[in-house]
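Engineer: Would you be able to build a 3D model of this:
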Amino acid sequence: MIHQKSKETIRFILDGFKKNGFQAYLVGGAVRDIMLQRTPDDFDILTNASIKEIQSLFLDQKVKTVGKTFPICIVNGVEISSGRAAFDMASFPESDLAKRDFTINAMAYNSITKKIIDPFNGRKDLEDAMIRFTRDPEKRIHEDPVRMIRACRFVAMIDGSLSLSSLEVILGNKDLLDGPVAKERLHHEVMKALGLGKPSLFFKALKKTGLLVKIFPSLDRCHGLDGGPHHGETVFDHSMLVGDALSPRFPMLRLAGFLHDTGKFDAAKINEGKLTFAGHETHTRALVHDLTTLRFSAKDITYIKALIKTHMRPLTDQTTPKAARRLLAMLDKHGLDYRDFMRLRIADKKGNLAKRPYTVSEIRIRLKKLFDELSGQESLQMNHLEITGNDIIQLTGVAPGPDIGKIKQMLFEKVLDDPELNNYDDLKKLCLSLKTRK
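Structural biologist: Numbering: from 1, shown residues only. Okay, the predicted model is just below:
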């Protein structure tokens, strides 16, 4: 499960330590992933050599040292940490493993004996799909409160659950996230979770531990909210189904799927005895606050907002060419690709338990309606009108300013209805007719 190039690099480093009389072990996530029969994302090595000794041993290699409080050497892309200064060397490497967050991450591989060093039964917890803090869970959390979020991510990664003691301690310490925790690190955990097979397990674990309200309060409040007469599930459950139905290749689109209906909490009303969420796609303030707090970029926030604001735009087998053009113009205005719009719509339908998902045939019909109009793409953007702002000023006598933009918008609406009108003569006639009306 390790790429050949990575194997050669790791073997070279481990052999280097062995030849010079030092102990060295493959540790942490790489050991866990290999035991799960997954290809590790990265590799960490733990040694009893000091940082200076590591630098000296690999002087002719690509070496970089990072970190001040706990320095780490990166040799040929592999992180190497030293246990010499901080731990009791008589019990090395167990002394270092005891400081790690979870039992499944507190294992080491001895390349000489070919054995796994597992002082905290991490292998058993992996078999049981259990996430458990190493030794004292309260101490582990106070050392780093973000470990509570990581615990939920690992629950999702192994499709498991938290040990009872871990769950209780997180519930009792969740308010630590209100303290001086780097929001960039929370952002990092969310992004890593979005790359998993079922990120919904991450969000559900956050809810169970009381952490969701600390990360995404806009989503947390949707838990238990009735989905209304057109859904067979709650708003929260629907959101989980939609997010899972989107590909991990598009993390921002996937996040939009998990958050696309958060505005329903603000839009909820009882109309003639029925629960409705009219205009919920416009209620994005709470969501934007959450994303901003988590240090998502302005570009990502704009993209997610655009997906949410357009996701209710209808596209059916009855959609007319004019309506298809208007949809494409709307997507263009929001800077969206029609493919992302369709991906979200397909997932949205799939996540509704009261309805059946789109068939392949139904998807093709909808895409064809867009493709037929995309061939006339030049008519779909306002700056492609065959008339300029200066032309409008001369024809109508309207002074430069916002009114010119309004007239261009009116002309654009006419062209969307009938693309054949996008020529100077017809647009001139329309401008003159507007002048006459005034």
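
Engineer: Which residue ranges of the stretch 201-350 of the chain form strands?
Structural biologist: 269-271, 274-276 (DSSP state E, counting those that start in this stretch).

Engineer: what does the last one contact?
Structural biologist: Outside strand 274-276, the residues within contact range by CB atoms under 8 Å, 6 or more residues apart in numbering are 226, 228-229, 267-270. Placement of C-beta: from N, CA and C, glycine included.

Engineer: what comes into contact with stretch 346-365?
Structural biologist: Outside stretch 346-365, the residues that touch it by CB under 8 Å, 6+ apart are 227, 230-233, 238-243, 245-246, 257, 260, 311, 317, 342, 366.

Engineer: Could I get the contacting residues of residue 292?
Structural biologist: Counting by CB under 8 Å, 6+ apart, residue 292 touches residue 301.

Engineer: Quick check: it vs residue 219, distance?
Structural biologist: 15 Å (CB to CB, to the nearest Å).

Engineer: How about residue 128?
Structural biologist: The spacing between residue 128 and residue 219, counted by CB to CB, is 29 Å.

Engineer: So those two - more neighbours on which side?
Structural biologist: Neighbour count, other CB atoms under 10 Å: between residue 128 and residue 219, residue 219 has more, with 25 against 14.

Engineer: ok so, going back, would you list the buried entries among the contacts of stretch 346-365?
Structural biologist: 227, 231, 233, 238-243, 245-246, 257, 260, 311, 342, 366 (16 or more other CB atoms under 10 Å).

Engineer: Filter the residues you listed down to just the ones in helices.
Structural biologist: Here DSSP state H is the test, and the buried ones among the contacts of stretch 346-365 give 238-243, 257, 342, 366 as lying in helices.

Engineer: Just the closest of those to residue 210, please.
Structural biologist: Nearest to residue 210 out of these is residue 240 (CB to CB; 17.6 Å).

Engineer: right, and residue 102 touches residue 133 too?
Structural biologist: Yes - look at residue 102 against residue 133 with CB atoms under 8 Å: they come within range, at 6.1 Å.

Engineer: Common neighbours of these two, please.
Structural biologist: Joint contacts of residue 102 and residue 133 (CB under 8 Å, 6+ apart) are residue 151.

Engineer: Next, count neighbours for residue 298.
Structural biologist: Number of residues near residue 298 (other CB under 10 Å) recorded here: 9.

Engineer: same question, the one 3 residues further on
Structural biologist: By the measure other CB under 10 Å, the count of residues near residue 301 is 18.

Engineer: Might you report the residue contacts of it?
Structural biologist: For residue 301, the contact set (CB under 8 Å, 6+ apart) comprises 288, 291-292.

Engineer: Can you tell me which of those residues is nearest residue 211?
Structural biologist: Of all these, residue 291 has the smallest distance to residue 211: 16.9 Å, by CB to CB.

Engineer: Model confidence for the closest one, exactly?
Structural biologist: As predicted, residue 291 sits at a pLDDT of 98.

Engineer: dump the residue contacts of residue 27.
Structural biologist: Contacts for residue 27 were tallied using CB under 8 Å, 6+ apart; they are 44-46, 93, 96-97, 107-109.

Engineer: Who wins on neighbours among those?
Structural biologist: residue 107 leads the contacts of residue 27 on contacts (other CB under 10 Å) with 29 neighbours.

Engineer: Against which helices or strands is the host helix or strand of residue 56 packed?
Structural biologist: Using DSSP states H and E, residue 56 falls within helix 51-57. Helix 51-57 makes packing contacts with strand 63-66, strand 72-75, strand 78-82 when contacts are defined by 3 or more CB pairs under 8 Å, 6 or more residues apart in numbering; DSSP states H and E.

Engineer: mind running it again at 10 Å?
Structural biologist: With contacts taken as 3 or more CB pairs under 10 Å, 6 or more residues apart in numbering; DSSP states H and E, helix 51-57 sits against helix 4-19, strand 44-47, strand 63-66, strand 72-75, strand 78-82.

Engineer: looking at those, which one has the lowest mean pLDDT?
Structural biologist: Taking the mean pLDDT of the helices and strands packed on helix 51-57, helix 4-19 comes last: a mean of 86.
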